[in-house]
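[1] After the sequence you'll find the predicted model.
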Amino acid sequence: KPIHHDIEAGAAAVRGLLASSLTFVAYLIGVAFWRGWVGYRREQLHYENELRLNRLVHMDSLTGLANRILFDDRFSIAIAAARRYGHRVGILYLDLDGFKAVNDELGHEVGDSALKEVALRLQKHTREMDTVARVGGDEFVVLMTNLRDTADARIGADKLQAALNQPFELRGKPYPLRASIGIAMFPDDGEQPLQLLMHADAAMYETKRMTNLNDASLRTESG
């Protein structure tokens with residue numbers, strides 16, 4: 001058989017072997033890439049599930065604010081830091097005046113919209129280091145850290161009061177809501193979170209009582 005036939009057959013065999021080798025290498029690369037992508041996607045899904053679970057555990061589902069669990073945790077940390085560094089912590093306890101009338105007159109869906117707007121205003125007028133939490137139906141708490149004295153907390157409360165006293169746009173019409181705010185300071189009004197919350201809650205109800213008395217007095221005078 002002519003020798004050039006053997007050369008051509010050998011070259012064809014080499015080409016076939018090379019093509020098979022390249023195909024196998026490409027297959028291995030594809031398998032490695034696929035396994036890497038699957039692993040990455042699995043980790044990503046796990047991370048997203050962890051974030052979702054963490055949000056469900058620590059965030060209020062309606063407003064996106066911190067819930068009581070997250071608030072209590074940050075409160076304890078803030079008090080520990082205040083004890084160590086000698087600064088003060090302020091608690092603002094807020095309750096919406098007239099919110100029940102919103103639910104009764106306009107429905108719970110509109111009431112939920114009002115609560116979301118309250119949350120936005122609270123976040124807008126507090127510092128990044130502060131924690132805003134929803135702890136009840138229309139009750140909110142603001143944790144203010146690294147304060148010098150009660151005056152700092154009062155300034156923060158006045159800002160929130162002014163923001164929440166602005167009319168709310170509900171069903172295309174302005175609707176007035178007010179907020180009663182109580183203040184408690186660590187360590188002046190207590191050294192434990194529960195003590196401070198109870199003090200701020202009592203101060204808030206006293207503020208509400210005085211507001212109602214003033215309103216009644218004004219109605220009597222005008223009548």
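    Looks like it arrived, so ask away. Numbering: from 1, shown residues only.
[2] ok, so what distance separates the most centrally placed residue in the chain from Gly136?
    Centroid check for the chain by C-alpha atoms, centre = their mean gives Leu65 as the closest residue, at 3.4 Å. Leu65 sits 12 Å away from Gly136, going by C-beta to C-beta, to the nearest Å. No exception for glycine: its C-beta is placed from N, CA and C like everyone else's.
[3] likewise Ala32?
    Counting by C-beta to C-beta, the separation of Ala32 from Gly136 is 54 Å.
[4] likewise Ile155?
    Computed as C-beta to C-beta, the Ile155 to Gly136 distance reads 25 Å.
[5] And for Phe168?
    Separation of Phe168 from Gly136 (C-beta to C-beta) stands at 19 Å.
[6] The two: who's more crowded?
    Counted by other C-beta atoms under 10 Å, Phe168 and Gly136 do not tie: Phe168 has more neighbours, with 19 against 10.
[7] Nearest spatial neighbour of the more buried one, chain-adjacent residues omitted?
    With C-beta to C-beta, 6 or more residues apart in numbering as the criterion, Phe168 has its nearest non-adjacent residue at 4.9 Å, and that residue is Tyr175.
[8] Please give me every residue in contact with the closest residue to Asn165 other than its chain neighbours.
    Setting aside the residues directly before and after it, Asn165 is nearest to Arg178 in space (C-beta to C-beta, 6+ apart), at 5.6 Å. Under the criterion of C-beta atoms under 8 Å, 6 or more residues apart in numbering, the contact list for Arg178 reads Leu96, Asp97, Gly98, Leu164, Asn165, Thr211.
[9] Same check on Gln195?
    With contact taken as C-beta under 8 Å, 6+ apart, Gln195 is in contact with Asp189.
[10] What part of this protein, helix or strand, is modelled with the least confidence?
    helix 3-58 (a mean of 67; mean pLDDT, DSSP states H and E).
[11] Identify each buried residue in the following helix or strand past it, please.
    Scanning forward in sequence from helix 3-58 by DSSP states H and E, the next helix or strand is helix 68-85. Of the residues in helix 68-85, those scored as buried under the neighbour-count criterion (16 or more other C-beta atoms under 10 Å) are Leu70, Phe71, Asp72, Arg74, Phe75, Ala78, Ile79, Ala82.
[12] I appreciate the help and will end here.
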